[in-house]
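1. Provided below are the primary sequence and the corresponding predicted coordinates.
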Amino acid sequence: MSGERPIVIKKKVKKKGHKHHGGSWKVAYADFVTAMMAFFLLMWLLASVNPEDRAEIASYFKRPLKSVFTRGEHAGGDKLISTSDGSPSPGLLSPGSDTVAGYFDTVQLERLREALEEEVKNNPLLRPFADQLRFELTPDGLSILIIDQQNRPMFASGSAVLQEYTTTILREIAQFLNAVPNRITIAGHTDALPYAGGEAGYSNWELSADRANAARRVLVAGGIQEGKILRVEGLSSTTLLDPENPFNPANRRITILLLTPEAEREYWGSGVTSRVPLPSATENAKIQAVPAIITSSP
């Protein structure tokens, strides 16, 4: 019909809103801002420090030993022994004790062991040999073991010729030994595999002694003064690291022992009833770095 209106159907279209993204972006942004703030703060601090202090800071993180021992001014409130003129002097703050002045006791040797383990982790020259280096605190002192592996021996087979990496290990360890006034002993060990000629000829006794002396020569070349070495010996296969497997390559090793004052006193025998004799002034002059000893608790 012409008078009827057309029917118009209107459909409402719902507008799609933005999806809720959550607040994870805020966390990421906050982390970014915090990191940038820390970075610029670090840049500002470095810019305000003179080159000498920056070098000391870098040296601190490169050589963990400096966090245990220090020279000159004390750090972190630790007490240092000083001479009458105020200069640092090696010594232990233990009034009334019978501890030798300057010698490390078991507590300090334990701290040195921790520093050595940290050094092995951080030093690129020592890190590849981490499983061949052991540091153990014993009743006689701190024992440093350099152990053979089947595919990586410390010496050429059947001889006392050191591998190049063994020389590197010993030279790195020498730096730590030089920072400690305690005397050392060096012992060579072999496995139980005998020479063809038996003990009547050149045997594991001679081999272990020759290897100990080869290690001694490298340590001396690395700065250890002769007076610091108390004994060098070859023990053949008498003290196996793995007694259940006498042919285990781990039985072939060099042991460096930093003696406690008590152990050295026992070495000298009953004839020495007072203090352990210290190296002479001439010997001390050869020490590359004799630190003042931190006496606070670790």
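-> Perfect, thanks for sending it.

2. Looks to me like Ala209 is in a helix.
-> Yes: checked against DSSP: H, G, I helix; E, B strand; the rest coil, Ala209 lies within a helix.

3. What number of residues are in the vicinity of it?
-> By other Cβ atoms under 10 Å, 18 other residues sit near Ala209. C-beta here means a position set from N, CA and C on the backbone, and glycine is covered the same way.

4. got the contact list for it?
-> By Cβ atoms under 8 Å, 6 or more residues apart in numbering, the contact list for Ala209 reads Gly188, Val232, Glu233, Gly234.

5. mind redoing it with 7 Å?
-> Gly188, Glu233, Gly234 (Cβ atoms under 7 Å, 6 or more residues apart in numbering).

6. Give me the distance between Gly222 and Arg171.
-> 4 Å (Cβ to Cβ, to the nearest Å).

7. picking that back up, can I get the contacts of Ala209 in TSV with neighbour count, pLDDT and secondary structure?
-> Below are those laid out as TSV (neighbours: other Cβ atoms under 10 Å; pLDDT from 0 to 100; DSSP: H, G, I helix; E, B strand; the rest coil):
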residue	neighbour count	pLDDT	secondary structure
Gly188	28	94	strand
Glu233	13	94	strand
Gly234	22	94	strand
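
8. Which elements pack onto whichever strand or helix holds Ile254?
-> For Ile254, the host element (DSSP states H and E) is strand 253-259. With contacts taken as 3 or more Cβ pairs under 7 Å, 6 or more residues apart in numbering; DSSP states H and E, strand 253-259 sits against strand 141-147, strand 184-189, helix 204-221.

9. Excluding its own residues, what touches it? List them.
-> 109, 140-148, 154, 180, 182-189, 211-212, 215, 230, 241.

10. List the buried residues of the helix or strand where Tyr29 lies.
-> Secondary structure assignment for Tyr29, by DSSP H and E: helix 24-48. With burial defined by 16 or more other Cβ atoms under 10 Å, not one residue of helix 24-48 is counted as buried.
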